[in-house]
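> Here is my input, please return the structure:
(one chain, ligands or ions: 1)
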Amino acid sequence: MTALTIKGVCKSFGDHPVLDGVDLTVADGELTAVLGASGCGKTTLLRLIAGFAAPDEGTIALGDDVVVGDGTFVSPQRRRVGYVPQEGALFPHLDVAENIVFGLPRSERKAHHRVDELLELVGLDRRVRHRAPHQLSGGQQQRVALARALAPRPTLLLLDEPFSSLDAALRTETREAVVSALRAASASALLVTHDQGEAMSMADRIAIMRDGRIVQADAPAAVYGQPADAATARSVGHANVLEAQVRDGLAHTSIGPIPLRRLRRDGPAQILVRPEQVLIVPADGTSIQTLARVDRVHFYGHDSVVALTVLATDERVLARISGGTSPVLGATVDLELAGEAMNYATEP
Ligand SMILES: Nc1ncnc2c1ncn2[C@@H]1O[C@H](COP(=O)(O)OP(=O)(O)OP(=O)(O)O)[C@@H](O)[C@H]1O
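Purely as a prediction, here's the structure:
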C-alpha cells in the first residue's frame, strides 16, 4: 500500500511555474525526503498535500482516497495529514499536554495515558507535560510538535524542514529521536529539506526535486552511487565530474582508467567519481603516475576533503582522506582511481 500518490501535479503563481508535473509516492510506514534547493517548490508541494492550496493540474491520493484532482477537493481537516512546520509551531498559551491533545476529538482530550504514550514515543520525560513551550529547548519544542502531529494517528505526516532552527548537536539528536518515533508509530512521512546530510541519514527514500519535477526517487545509497545525472550527483555530496574517453568498457580519464557501472558506446563521456574513490599515493617515481598539486585541505575532523589540480591537464579533483594526516599544501602527490564510475552523455 502507498500512503501518498502524487501524479502530474502542476502549480504556477501568476506566470511563474513552480511545480511542473510532480510524480511521487510514499510507501506505507516509510520516510521519504524531498531534497531540493531553496525556492524549488518543496513547501508548495507540502501545502498542496495538506490541502492549504489546490494544484492547477494533477491528482493527489492519500492511501486509496483521491483528495484532490478529478473534480475532487477534500478540505484540510478531512485529510488525516499531520504537519510539523519549521519552528514556532506550538501554541504559546497552552502547556505541553494541551498542545499535544489539541488536534484530538474533544472526547479524547482527557486521555492522559495518550499524552504519556506520545511523550515517551518522542523521547521526552513525562514531567514536561505541564511546562509552557517557552520553558523547553528548541529540540524539545520540535518533539512536542511531532507528538501533537502524531496524536490523531494521521495517514501521512508532513515535516517541513523541522530541524533548520536547531544548532548542530541538537539537530542530530532531534533527528534521531524523530526517526525512532516515526518507526515506533509505523508512521508514513514526507520530509522536505535542502540539507543533503539530513535526507541521507534519515530517509528510507530520497526524491530529488529540481526545476519543478522529481528527477530521481530512490534509496539514499542508490541516489549517491547511481545518480540520474551530474547535477543530482552534486546535490547529494561532493562529486568529481571528469571528462573521459570510453573504450572497451573503461573510462580513460586524466587520472587513469576506471571501469564503468553502466556501459555505453565508445567515445567522449562525463563520468562521476566520488572523492573517496580518488586515492592519494606518495609520488615515488617508480610507476605510471598522475601527478597533482595539493591546493586546499578541508578538515572535517573524522575525515578531510583535499582539493587538487592534475598537473598535466589542470583538471580540479577532490579526494577524501580519513584520519588526522593531511598532505602538505603545495605538495606534489600521485593519484589513483578505485571502484567503478557512473557515466553520462557529455553536456554541451
Ligand atoms: N503564495 C505564493 N504566491 C506567489 N509566489 C509564491 C507563493 N508561494 C510560493 N511562491 C514562490 O514559489 C517558489 C517556491 O517556493 P517554496 O516556498 O515552495 O520553495 P521551497 O523549496 O520550500 O523553498 P525554501 O527551502 O526556501 O523554503 C518561490 O519562488 C516562491 O517565491
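> Only C-alpha atoms from now on, for both contacts and neighbour counts.
Noted.
> which stretches of this structure aren't confidently modelled?
Low-confidence segments of the chain (pLDDT under 70): 88, 263, 283-288, 324, 345-348.
> What segments of it are helices?
For the chain, applying DSSP state H gives helices covering 42-50, 96-101, 112-121, 138-150, 168-184, 196-202, 220-225, 230-235.
> by contact count, what packs against the fourth one?
Contact here means 3 or more Cα pairs under 8 Å, 6 or more residues apart in numbering; DSSP states H and E; on that basis helix 138-150 packs against strand 81-84, helix 96-101, helix 112-121, helix 168-184.
> If you tally nearby residues, what's the number for residue 238?
Neighbours of residue 238 under the rule other Cα atoms under 10 Å: 17.
> Can you tell me how far it is from residue 271?
The gap separating residue 238 from residue 271 is 14 Å, by Cα to Cα, to the nearest Å.
> Likewise for residue 47?
Distance from residue 47 to residue 271, by Cα to Cα: 37 Å.
> what about the two, which has more around it?
residue 271 (28 against 18).
> number of nearby residues for the closest residue to that one other than its chain neighbours?
The shortest distance from residue 271 to any non-neighbouring residue, by Cα to Cα, 6 or more residues apart in numbering, is to residue 343 (4.2 Å). Counted with other Cα under 10 Å, the neighbours of residue 343 add up to 28.
> Would you mind listing the residues in contact with residue 343?
260-262, 264, 269-272 (Cα atoms under 8 Å, 6 or more residues apart in numbering).
> hmm, 7 Å instead?
Counting by Cα atoms under 7 Å, 6 or more residues apart in numbering, residue 343 makes contact with 260, 269-272.
> what is the closest residue to residue 259 other than its chain neighbours paired to in the beta sheet?
Nearest non-adjacent residue to residue 259, counting by Cα to Cα, 6+ apart: residue 250, 4.6 Å away. Beta-bridge partners of residue 250, counted by DSSP bridges, are residue 247, residue 259.
> count of residues packed around residue 250?
20.
> Residue 192 is in contact with residue 34, isn't it?
Yes - using Cα atoms under 7 Å, residue 192 makes contact with residue 34 at a distance of 4.7 Å.
> How much space separates the residue positioned nearest the centre of the chain from residue 182?
With distances taken as Cα atoms, centre = their mean, residue 199 lies nearest the centre of the chain, 2.4 Å away. Noted for residue 199: a distance of 15 Å to residue 182, by Cα to Cα.
> next one: residue 48
22 Å.
> between the two, which one's more packed in?
Shown here are residue 48 and residue 182; by other Cα under 10 Å, residue 182 has more neighbours (21 against 17).
> need the contact list for residue 163.
Applying Cα under 7 Å, 6+ apart, the residues near residue 163 are 86, 171.
> Quick one: end-to-end length of stretch 57-70, please.
For stretch 57-70, the end-to-end distance is 9 Å (Cα to Cα).
> no, scratch that, I was asking about stretch 261-278
First-to-last residue span, stretch 261-278, Cα to Cα: 16 Å.
> Can you give the distance from it to the centre of its chain?
24 Å (Cα atoms, centre = their mean, to the nearest Å).
> again with stretch 181-201
8 Å.
> Start the count at 37 instead of 1 going forward.
In the new count, where the first residue is 37, that last one comes out as stretch 217-237.
> Now do the buried residues in that stretch.
Judged by neighbour count using 16 or more other Cα atoms under 10 Å, the buried positions of stretch 217-237 are 217-218, 223-232, 234-236.
> Report how many residues lie close to residue 246.
Residue 246: 22 neighbours (other Cα under 10 Å).
> cool, residue 133 as well?
Using other Cα under 10 Å, residue 133 has 25 neighbouring residues.
> excluding its backbone neighbours, what's nearest it?
residue 165 (5.0 Å).
> contacting residues for the one you found?
Going by Cα under 7 Å, 6+ apart, the list of residues near residue 165 reads 131-133.
> next one: residue 358
Contacts of residue 358 (Cα under 7 Å, 6+ apart): 338-340.
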